[in-house]
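Enquirer: based on what follows, work out the 3D shape:
(one chain, ligands or ions: 1)
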Amino acid sequence: MIDLVGKKILVLGGSSGMGLALAKDLAGRKAALTVAARSKDKLDAAAKEIGGGVATRVLDARDDAAVEAFFKDGTVWDHIVVTVGQGGRGPLPSMSMADALTAMDAKFWCCFRVGRAAKITPGGSLTFVSGGEGHRGQIGTTLISSINAAIAGLTRGLAIELSPVRVNTLSPGTTDTPLWDRMKPEDRDAMFKRVADSLPVKRLGQAEDAAHAILFLMTNPFTTGQVVRADGGGDLL
Ligand SMILES: NC(=O)c1ccc[n+]([C@@H]2O[C@H](COP(=O)([O-])OP(=O)(O)OC[C@H]3O[C@@H](n4cnc5c(N)ncnc54)[C@H](OP(=O)(O)O)[C@@H]3O)[C@@H](O)[C@H]2O)c1
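Expert: Residues are numbered from 1 along each chain as shown. I've put the predicted structure just below:
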C-alpha cells in the first residue's frame, strides 16, 4: 500500500460528510492535506475538527475559471478526491430543465472540470464519488442515476487518458451525512430505517465507511478505471 505521510492530498468537498470523514483520517496519517469547498464558514468549522494543520481553500467546482485558476498554481498533487454533488432526485415529469441541468453541473461537470485541469503526479490518484447507477430503474432516480453513469464513463476514460495516474470512483449506498439535512428529520429518520432494514448488512452507511473505501482506491497501486460499490449490498436487491 502507498504511504501517505507528507503526500499532497486535496479533498474537494472535504468540509462535510464523506469528504470530512476522509480528511480526518488523512490528517491522522500525516498527509499534507488541503480541503476545499464553497462555504468558508463550513471550511473553518471542518478545519477545527480535522486538526493537523489542514489547509483550506474556498472553491466552487461549478465555476470553470475558478477551477482552472486553482490548478494553475503549479501544485502537483499526489491524490485528489472529489466528493461534491447536490440534487438530481425526483420524478422527471415534474422536474424543470433548469433543475436538471443544475444537478448535472453540481456533480458530473464538477468531476469533469477537475479531471481536465488537475495536475497529479504519475502513480498518484484521482477519485470521484458517484452513487447508484440505477441498473433496474426506479421512479425518482432517473437523473441522479444518469449523472452517476456519466461519472463511471468519465472514470474509465480518464484512467486511460491520465495514465499512469489512477482514476477510480466510489459508489456509496445511502449514508448518514448532512446531505440529508434538507429533509424533515422525521421523514429522514423513517427513510434511514427503511433503507437499513432492507439491506443485507442491516445498517445504514456511515461517512467513515465511504472514507475507508476511498482510502483503498487512493492507495491500491493496481486499481484503476473502476467503480467500486460500498453500498451495504444494496446493488443486490
Ligand atoms: N449521503 C448519501 O446517502 C449519498 C449516497 C450516494 C451518493 N452520495 C454522493 O456522495 C458525495 C458526498 O456526499 P455527502 O453525503 O458527503 O454530502 P455532504 O455532506 O453534503 O458534503 C458535500 C461536500 O461537498 C461540498 N460541495 C458541494 N458542492 C460543491 C461545489 N460546487 N464546489 C465545491 N464544494 C462543493 C460541500 O461544501 P459546500 O456546500 O460548502 O460547498 C460539502 O463539503 C456526493 O456526490 C453525493 O451525491 C451520497
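
Enquirer: CA only for contacts and neighbour counts going forward, please
Expert: OK.

Enquirer: ok, residue 229 - contacts?
Expert: Going by C-alpha atoms under 8 Å, 6 or more residues apart in numbering, residue 229 touches 170, 171, 172, 173.

Enquirer: now those residues in CSV, with secondary structure?
Expert: Listed next are the contacts of residue 229 as CSV, based on DSSP: H, G, I helix; E, B strand; the rest coil:
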residue, secondary structure
170, strand
171, strand
172, strand
173, coil
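
Enquirer: next, residue 84: phi, psi?
Expert: Per-residue torsions, residue 84: phi -80, psi 160 (degrees, to the nearest 10).

Enquirer: what residue is smack in the middle of the protein?
Expert: In the chain, the centroid-proximal residue (C-alpha atoms, centre = their mean) is residue 83; its distance is 2.2 Å.

Enquirer: what subset of the contacts of residue 229 is also close to the ligand?
Expert: The residues of these that also fall near the ligand, by C-alpha under 6 Å from any ligand atom, are 172, 173.

Enquirer: thinking again about what came up before, contacts only, for the residue nearest to the centre of the chain.
Expert: For residue 83, the contact set (C-alpha under 8 Å, 6+ apart) comprises 11, 12, 13, 14, 18, 19, 128, 129.

Enquirer: sec struct for the first one, please.
Expert: For residue 11, the secondary-structure state derived from three-state DSSP is strand.

Enquirer: wait, it sits on residue 23?
Expert: Yes. Using C-alpha atoms under 8 Å, residue 11 makes contact with residue 23 at a distance of 6.9 Å.

Enquirer: intersection of neighbour lists for these two?
Expert: Taking C-alpha under 8 Å, 6+ apart as the criterion, residue 11 and residue 23 both touch 33, 35.

Enquirer: residues from the protein in reach of the ligand?
Expert: Residues of the chain lying close to the ligand (C-alpha under 6 Å from any ligand atom) are 12-19, 37-39, 42, 59-62, 83-86, 106, 129-131, 172-179.

Enquirer: the helix or strand harbouring residue 78: how far from the chain's middle?
Expert: With secondary structure defined by DSSP states H and E, residue 78 is part of strand 77-82. Distance of strand 77-82 from the chain centroid (C-alpha atoms, centre = their mean, to the nearest Å) equals 11 Å.

Enquirer: direction included, what does that strand pair against?
Expert: Here strand 77-82 is paired, per DSSP bridges, with strand 8-12 (parallel), strand 120-129 (parallel).

Enquirer: and the longest helix along the chain with strand 120-129, angle?
Expert: For the chain, the helix reaching the highest residue count under DSSP state H is reported as helix 142-161. Using axes from the mean of the first three to the mean of the last three C-alpha atoms, to 10 degrees, the direction of helix 142-161 lies 160 degrees away from that of strand 120-129.

Enquirer: quick one: residue 196 and residue 205, what's the gap?
Expert: Distance of residue 196 to residue 205, given as C-alpha to C-alpha, to the nearest Å: 8 Å.

Enquirer: what about the strands in this structure?
Expert: 8-12, 32-37, 55-58, 77-82, 120-129, 166-172, 175-176, 205-206, 227-230 (DSSP state E).

Enquirer: contacting residues around the closest residue to residue 25 other than its chain neighbours?
Expert: Take residue 25 and drop its neighbours on the chain: the residue closest to it by C-alpha to C-alpha, 6 or more residues apart in numbering is residue 211, 7.7 Å away. Shown in contact with residue 211 (C-alpha under 8 Å, 6+ apart): 18, 19, 21, 22, 25.
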